[in-house]
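> got a structure for you, letters missing:
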């Protein structure tokens, strides 16, 4: 690997997770992002109450993301070798936390849309 490109990264992720799982994760991420944009445009404001509840769910998303990656790759914490491995785990946890918070916010907004004239 002389040069890092999008194609190389896609190939690496397909090899790590399997082609079907990788593209399923990409589709889920795109759908959740599109739903979040839809909710923000529809509501024209951010509900701070829903946002707080979404933030409180972030640890669940962080743990779930780390667990998912370790389960799919057949890895474990005992395989962690150095600081870069731990930074990768922290990055996975951060991405899982943010993604899960967005999912929780979207689900709350779709289940309980704001009433007309309601303050966020």
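Done, it's in. Remember, predicted model here, so these are calculated numbers, not experimental data.
> how many neighbours does residue 106 have?
Neighbours of residue 106 under the rule other Cβ atoms under 10 Å: 22. Every C-beta, even on glycine, is put in place using the N, C-alpha and C of the backbone.
> my guess is it meets residue 35, correct?
Yes: Residue 106 sits in contact with residue 35 when judged by Cβ atoms under 8 Å, with a separation of 4.7 Å.
> which residue ranges form the helices in the chain?
6-17, 19-43, 48-56, 58-73, 83-111 (DSSP state H).
> other SSEs contacting the fourth one?
Put plainly, it is helix 58-73. helix 6-17, helix 83-111 (3 or more Cβ pairs under 8 Å, 6 or more residues apart in numbering; DSSP states H and E).
> one step back: mean pLDDT for the helices of the chain - can I get that in CSV?
What follows is those, written out as CSV (pLDDT from 0 to 100):
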stretch, mean pLDDT
helix 6-17, 89
helix 19-43, 94
helix 48-56, 93
helix 58-73, 93
helix 83-111, 94
